[in-house]
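>>> I'll drop the sequence and a predicted model, then ask my questions.
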Amino acid sequence: LANVHGLAIGIVGAGLLGAALWHGSPQPRLMVPAEEMHRDRIIYPRPLSLPGTDKAIRSILNVPAPMRFGQFVWDDAGIPDGPIWMRIDRKAQLISVFRGADEIATAVILYGAPDKPTPQGRYPILEMLRDHRSRSYDADMPFTLRLTGDGVAIHASDVRAGYATHGCIGIPLELARRLFHDARTGDVVFIV
Amino acid sequence: VRKKIGRRSAIAVTLVASLAWTGSADLISAQSVVAGQRMLFDALAQISGRSPGDRTSAILTKVTNERTEQRSARALPRIRTKPKGGSDESASPLPLVAIPLADELTRLRRTSTYADAAVPGLPSGGAPAFGSFPSLPGGGGGIVGGSGSGPGNSPPVAGTQPAPTVPEPATWATFILGFGLLGIALRRRALEGRKLG
């Protein structure tokens, strides 16, 4: 009988250990890579310009389902060289990166909280800082593209649902890295 | 007459033709505007289709600086409002009582004969005041609770944080390890018993 008891307690212990381990380990965020969602691109027969911008576009990425926070699509296959420009849609919580007239990247963004709003307008990139550390917020902001004199910038951020920034545009780290590689000072960002 | 008719008809024909031409041109441009609008709508629909929707909550992204600011904002008023002199009654009993009590405790530790006796000269308000004094370790509180106070006057153990209701993973692990060892011991004992029997 003692043997059975010991075994039972052992099994319960193992079960509890398993449960504790299961519970203790942070559950990995279920994420479908946005690259898989993206199929092809939508090409328009005539150039058109999106609201809030003064640039003509020819094609956009085909992302048929809503993207999740932290995801991004980057597809510049077959897109000719050209100036980078961006359109940031605060209401839709999206960034669209264009090269010339074709969209090459998109992602869900974080933007300024209601009391620290991200300003609307047309902003050329003023400064690019690879390993920026904010003094005012004591926080790392890698791959910063500074847009305004008072500190509004596009930078890598932990893009999670429900969060807001102090006025900056937060984008996923890998997207920020690629954008930093391709963008140049003076490239235009439209915030709508 | 023929010439006249010819001229008139020629004019009419050219008029009609030009009207038709401009009309069709207008029509074509109107069509292109409509097509452009449709394309724009399509593009905007495509973009809004990939949007997660409107933002419903806007929790500020946490930054170290702000956290330290908040912490100091919580802690500083307490430090700042605490008077330096002994004028305030709420603050003055702490150093006045805690120092003789600490002396008393060290004396009690050294002389075990005093362990079961009531602490002589301990002010009646001393124990609660000690309870609200956070910087002494919990061990001291234990001594006070066990031996320091007189009979029927055991104060609550001081300096202990309220235990979290949900055990931490480390606690769980220890707990389970204990269960496991218990199981192994019982099993081993049972097996030995069987061998002997």
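Perfect, I can see it now.

>>> quick one, helices of chain A?
Ranges of helices in chain A, per DSSP state H, are A:2-24, A:34-37, A:173-182.

>>> lowest-confidence stretch among these?
Of all the helices of chain A, helix A:34-37 carries the lowest average pLDDT, namely a mean of 60.

>>> what's the burial count for A:D81?
Per other Cβ atoms under 10 Å in any protein chain shown, the neighbour tally for A:D81 reads 8. In short, each C-beta sits where N, CA and C put it, glycine included.

>>> contacts only, for it.
By Cβ atoms under 8 Å, 6 or more residues apart in numbering or on different chains, the contact set of A:D81 is A:99-100.

>>> what's the local residue count around A:I79?
Counted with other Cβ under 10 Å, the neighbours of A:I79 add up to 17.

>>> what stretches of the chain score poorly on pLDDT?
Picking chain A for this. In the predicted model, chain A carries pLDDT under 70 at residues A:1-4, A:20-39, A:138.

>>> that's the other chain; I wanted chain B
Residues of chain B meeting the criterion pLDDT under 70: B:1-5, B:22-29, B:62-105, B:107-165, B:193-197.

>>> if we use 90, what do you get?
Scanning chain B for pLDDT under 90 picks out the ranges B:1-43, B:46-48, B:52-175, B:185-197.

>>> quick one: name whatever helix or strand follows the helix ranked longest in it.
The single longest helix within chain B, with elements called by DSSP H, is helix B:2-49. Under the assignment DSSP states H and E, the closest C-terminal helix or strand after helix B:2-49 is strand B:59-60.

>>> what's next to that next one, contact-wise?
Residues outside strand B:59-60 that contact it (Cβ under 8 Å, 6+ apart) are A:113, A:116, A:162-166, B:66.

>>> please pick the buried ones from these.
Neighbour-count burial (16 or more other Cβ atoms under 10 Å in any protein chain shown) is assigned, among the contacts of strand B:59-60, to A:113, A:163-166, B:66.

>>> pick the one among those closest to A:R99.
Checking the buried ones among the contacts of strand B:59-60 against A:R99 with Cβ to Cβ, the nearest one is A:T165 at 25.6 Å.

>>> thinking the closest one is in contact with A:A156, fair?
No: the pair A:T165 and A:A156 fails to qualify as a contact (Cβ atoms under 8 Å) at a distance of 11.7 Å.

>>> roughly how far apart are the closest residue to A:D76 other than its chain neighbours and A:I169?
Distances taken as Cβ to Cβ, 6 or more residues apart in numbering or on different chains place A:I104 nearest to A:D76, at 4.0 Å, with adjacent residues excluded. Per Cβ to Cβ, to the nearest Å, A:I104 is found 17 Å from A:I169.

>>> what's the answer for A:L16, then?
Counting by Cβ to Cβ - A:L16 and A:I169 are separated by 46 Å.

>>> the two: which has the busier surroundings?
Taking neighbours as other Cβ under 10 Å, A:L16 and A:I169 compare with A:I169 leading, 24 against 16.
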